[in-house]
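Asks: show me how the following folds:
(chains A and B)
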Amino acid sequence: DIQMTQSPSFLSASVGDRVTINCKASQNINKYLDWYQQKLGEAPKLLIYNTNSLHTGIPSRFSGSGSGTDFTLTISSLQPEDVATYFCLQHNSGYTFGAGTKLELK
Amino acid sequence: EVKLLESGGGLVQPGGSMRLSCAASGFTFTDFYMYWIRQPAGKAPEWLGFIRNKANGYTTEYNPSVKGRFTISRDNTQNMLYLQMNTLRAEDTATYYCARGGHRRGFAYWGQGTLVTVSS
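Replies: Numbering: from 1, shown residues only, chains lettered A, B, ... in the order given. Below you'll find the model as predicted:
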C-alpha cells in the first residue's frame, strides 16, 4: 500500500502570505496526486488534479507542483476564505489520502 | 447540474447491517465510475471502493480494509448507487460520501454525506 505523509499538520499564516503544503508518497506515484480543500461541515472540494491541473473555477492563487514522490500545494496570497483543512490524495495505485493540514489565519 | 444525495445513515448496533443510498442526477450515470468514501470526525477521508461504468462492465474494487464486509452496487435504471455494510464495528463510525469518478481527473462531485454511528 502507498502511504502519504502530509506536512505540516497545522499552519497559521497571515492574509497575503505565501503558503505551502507538502505531501510525500512512500513510492513513486507519477503525476497522480490531487489536492482537496475541506471547510467545516462540508464535503471535500477538488482544487488540483494530477499534480498541477487547476480544477474549473478554482482561483489561480492555488497551484500544485511535484513529481514522483514529492508534491506541493501553494497558495500564492492567502485569503480569509482559504481557512480550511487541505488533503492530498494519491490515485496512482488505489487511493490514499494524506492526514490533512489545518490552515488558520494568524 | 450534477447532484449527489446520500441517504440511509443513522445509528446501528455493532454487528449490524446498514444500506446507504446515493441518488445521482444531472449527468449520464452509466458513463461514470462511482465511489464511496468515508471520513471519521476530525480525520482524513478513506476510500472504500468503486463500481465501474457501463463500458467497463460495472465491476467493483474495494479497499482491503472493508473487502468482504461492504458491497457496492448500482441501479442504472434509477440512477442510484448503494453501499451495503455488514458486520459493522465502532470504527466504521463516520460520514459516508458518494463521489463521481472523474476519469482520473479528481473527484469533482461529492454528495453532502450521511453520518453512520455504530454504537450500542
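Asks: residues from chain A in reach of chain B?
Replies: When proximity is defined as C-beta under 8 Å from any C-beta of the partner chain, chain A approaches chain B at A:1, A:32, A:34, A:36, A:43-46, A:48-50, A:53, A:55-56, A:87, A:89, A:91, A:94-100. For the C-beta atoms, the positions are set from N, CA and C on the backbone; glycine is no exception.
Asks: how does it look with 7 Å?
Replies: When proximity is defined as C-beta under 7 Å from any C-beta of the partner chain, chain A approaches chain B at A:34, A:43-44, A:46, A:49-50, A:55, A:87, A:91, A:95, A:97-100.
Asks: residues contacting the most centrally placed residue in chain B?
Replies: Taking C-alpha atoms, centre = their mean, the centroid of chain B lies closest to B:Trp36, which sits 2.7 Å from it. The contact partners of B:Trp36, by C-beta atoms under 7 Å, 6 or more residues apart in numbering or on different chains, come to B:Leu48, B:Gly49, B:Ile72, B:Leu83, B:Tyr96, B:Cys98.
Asks: can you add pLDDT, secondary structure and distance to A:Ser65 and give those back as JSON lines?
Replies: Listed next are the contacts of B:Trp36 as JSON lines, based on pLDDT from 0 to 100; DSSP: H, G, I helix; E, B strand; the rest coil; distance: C-beta to C-beta, whole Å:
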{"residue": "B:Leu48", "pLDDT": "98", "secondary structure": "strand", "distance to A:Ser65": "30"}
{"residue": "B:Gly49", "pLDDT": "97", "secondary structure": "strand", "distance to A:Ser65": "30"}
{"residue": "B:Ile72", "pLDDT": "98", "secondary structure": "strand", "distance to A:Ser65": "34"}
{"residue": "B:Leu83", "pLDDT": "98", "secondary structure": "strand", "distance to A:Ser65": "35"}
{"residue": "B:Tyr96", "pLDDT": "98", "secondary structure": "strand", "distance to A:Ser65": "32"}
{"residue": "B:Cys98", "pLDDT": "98", "secondary structure": "strand", "distance to A:Ser65": "30"}
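Asks: which one (most neighbours) among those residues?
Replies: Compared across the contacts of B:Trp36, B:Cys98 has the highest neighbour count, 29 neighbours, by other C-beta atoms under 10 Å in any protein chain shown.
Asks: who's that residue bridged to?
Replies: B:Trp36 (DSSP bridges).
Asks: cool, and A:Asp70?
Replies: A:Asp70 forms beta bridges with A:Lys24, A:Ser67, as assigned by DSSP bridges.
Asks: quick one: it and A:Lys24 touch, right?
Replies: Yes: the pair A:Asp70 / A:Lys24 is scored as a contact, 5.5 Å apart, by C-beta atoms under 7 Å.
Asks: what about chain A, any weak spots by pLDDT?
Replies: Residue ranges of chain A with pLDDT under 70: none are present.
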